[in-house]
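Chemist: Fold the stuff below for me.
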Amino acid sequence: MVMGLVMEDSMMLSNAPKIVKHQSSIQFSFHFLKVHIFNDKAWVQLAAPPLNILNNEMQIEITSVFHQLKMRKDISVISLSAQGNNFCSGINIKEIFQGLEFGKGLKFCLDFARMLDAIAAVNKPILGFIKGYAFGAGATLAALCDYSIAAPNAKFSYPERKIGLKPSVSLPYLIPRMGNLAIFPFLSGKIWNAQEALKFKLIDEICGDKNKLIVKKKSLLKQFSNSPMRLNRSFIPQKNNITLDMDFSLKNYFESIKRIYPNRTEEGREMLIQYTAQDLFNDLSKPLALELFSRYFKH
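Modeler: Below you'll find the model as predicted:
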C-alpha cells in the first residue's frame, strides 16, 4: 500500500520517492512535489519555491500522484497547495523552447495536457489553497480544484495573451467552472487580484490572512472527510464530462497562431521576435523564435 503511490507503468519516475512513515502518517518526497497521507486525507504540495515554476518533471510527478490517488479507495479528500509564498507562477517557458528541437516543446505540451486530465479524472474532491502568484498553468490548477480558497495576496493571470496565443489546452477545464467567463482572462491577459478572481468564478472563497488560511484548510479537510458519502466527485456530473482530445487541442493551439499571423511567414517571425523583448519571453532567443515560426507559418 505504501508504494501504491508510485506509478508502475511508463509514467513511473526514474527515482523512487523517499518515504517516511509514522503510524498512520505517510510522507512521499519527490524532486518537485511533496505528498503527505494521513488517515483518509492526502496533501499534495508543489515543492519548488519561491515561484513553483511548472517544469516537465514536476508535471510527470503530479500526473503520477493523481493517477494513484484516484485508484486508492482509502483516500476521500485531497488538498493541493504549494511551499513558499507563491502557488505556481506558470510553466517553464525555457523548457518548452529549449534547443532547436520542436519535439521537446511538443512533449512538454502533451505532458501538461496529461497532467490536467489526470487531475480532472480524480473521483475525490480536491481542495485548492492559493497564495501569491497563480499564473497560466497555476491559475488552471486552481480552477481544477472543486473548491479553491485564496489568500488576499493571491494574483491570477493568463499572460499568454502577451504573445498573441490562447492556452486552448487549459480552456476545456475552465469552462465547467467559469462558463462563458472563461474566455475573458485569455483575452485580457491582465493580472487579477483575489477579489476579481472570485468575481469571475476562478476561485470560491478568499480567506483573511495566512494563519486563517491554515485554519480553514484543516476545517474543510475535516468537513469533507466526515461527509456520509465522502462527497465522491463522481456525484458531480460536470466534473466527469470533461474530456480532452490532446491532438485536437494542440492543433487548435497552433491554428490560433496562424489566424493571428495569416500566411505571412516573415511577418509572423518578426512579430514573435518583437514580443520576445517583452517581459514574458525575454529569455527566448531569436534562433528559437525563428525555428518555432518556420514550422507553423509556411505558405
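
Chemist: Could you tell me how far I78 is located from F224?
Modeler: Distance of I78 to F224, given as C-beta to C-beta, to the nearest Å: 9 Å. For the C-beta atoms, the positions are set from N, CA and C on the backbone; glycine is no exception.

Chemist: Overlap in contacts, those two.
Modeler: Residues touching both I78 and F224 (C-beta atoms under 8 Å, 6 or more residues apart in numbering) are 125, 127.

Chemist: Which one of these two is surrounded by more residues?
Modeler: Ranked by neighbour count (other C-beta atoms under 10 Å), I78 and F224 place I78 first, with 27 against 22.

Chemist: May I have the beta-bridge partners of the more buried one?
Modeler: When bridges are called by DSSP bridges, I78 pairs up with A42, I126.

Chemist: Make sure it is actually in contact with I126.
Modeler: Yes. Contact criterion C-beta atoms under 8 Å: I78 and I126 qualify, at 4.7 Å.

Chemist: give me the number of residues near E95?
Modeler: Residues near E95, counting by other C-beta under 10 Å, number 17.

Chemist: pLDDT score assigned to it?
Modeler: Looking at E95, its pLDDT reads 70.

Chemist: Is it correct that it falls within a strand?
Modeler: No. Assessed with DSSP: H, G, I helix; E, B strand; the rest coil, E95 is helix; it does not lie in a strand.

Chemist: Quick check, it in contact with N56.
Modeler: Yes. Under the criterion of C-beta under 8 Å, E95 makes contact with N56 at 5.8 Å.

Chemist: and for those two, which residues touch both?
Modeler: Common neighbours of E95 and N56 (criterion: C-beta under 8 Å, 6+ apart): F108.

Chemist: Tell me where the model's unsure across the stretch 51-200 of the chain.
Modeler: 96-106, 161-168, 180, 186-187 (pLDDT under 70).

Chemist: got the residue ranges for the strands in it?
Modeler: Secondary structure of the stretch 51-200 of the chain by DSSP state E, counting those that start in this stretch: the strands cover 77-82, 126-130, 133-135, 147-150, 155-157, 192-193.

Chemist: any idea which of the ones you listed is most buried?
Modeler: Sort the strands of the stretch 51-200 of the chain by mean neighbour count, taking mean count of other C-beta atoms under 10 Å, and strand 133-135 sits at the top with a mean of 27.

Chemist: Show the secondary-structure elements that that one is packed against.
Modeler: Packing contacts for strand 133-135, counted by 3 or more C-beta pairs under 8 Å, 6 or more residues apart in numbering; DSSP states H and E, involve strand 155-157.

Chemist: Mind doing that once more with 10 Å?
Modeler: helix 137-144, strand 155-157 (3 or more C-beta pairs under 10 Å, 6 or more residues apart in numbering; DSSP states H and E).

Chemist: Deepest-packed of those, please.
Modeler: Scoring the helices and strands packed on strand 133-135 by mean neighbour count under mean count of other C-beta under 10 Å gives helix 137-144 as the most buried, with a mean of 26.

Chemist: Please export the C-alpha coordinates of the top helix by length along the chain as CSV.
Modeler: In the chain, taking DSSP state H as the definition, the longest helix is helix 102-120. Provided in CSV are the C-alpha atoms of helix 102-120 (Å, rounded to 0.1, in the frame of the first residue of the first chain):
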residue,chain,number,x,y,z
PHE,A,102,10.4,21.3,-31.6
GLY,A,103,9.6,17.8,-30.4
LYS,A,104,10.8,18.7,-26.9
GLY,A,105,8.3,21.5,-26.8
LEU,A,106,5.5,19.3,-28.1
LYS,A,107,6.3,16.7,-25.5
PHE,A,108,6.1,19.3,-22.8
CYS,A,109,2.6,20.4,-24.0
LEU,A,110,1.4,16.8,-24.2
ASP,A,111,2.6,16.1,-20.7
PHE,A,112,0.9,19.3,-19.5
ALA,A,113,-2.4,18.1,-21.1
ARG,A,114,-2.0,14.6,-19.5
MET,A,115,-1.4,16.2,-16.1
LEU,A,116,-4.6,18.3,-16.3
ASP,A,117,-6.5,15.2,-17.5
ALA,A,118,-5.2,13.2,-14.5
ILE,A,119,-6.3,15.8,-12.0
ALA,A,120,-9.7,16.2,-13.6
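
Chemist: Show me which parts of that helix are buried, residue by residue.
Modeler: Applying a neighbour-count criterion of 16 or more other C-beta atoms under 10 Å, one finds 102, 105, 108-120 buried in helix 102-120.

Chemist: swap in stretch 85-93?
Modeler: Applying a neighbour-count criterion of 16+ other C-beta under 10 Å, one finds 86-93 buried in stretch 85-93.

Chemist: any chance of these in JSON lines, plus distance to D146?
Modeler: Formatted as JSON lines, these follow (distance: C-beta to C-beta, whole Å):
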{"residue": "N86", "distance to D146": "22"}
{"residue": "F87", "distance to D146": "16"}
{"residue": "C88", "distance to D146": "18"}
{"residue": "S89", "distance to D146": "23"}
{"residue": "G90", "distance to D146": "22"}
{"residue": "I91", "distance to D146": "23"}
{"residue": "N92", "distance to D146": "27"}
{"residue": "I93", "distance to D146": "29"}
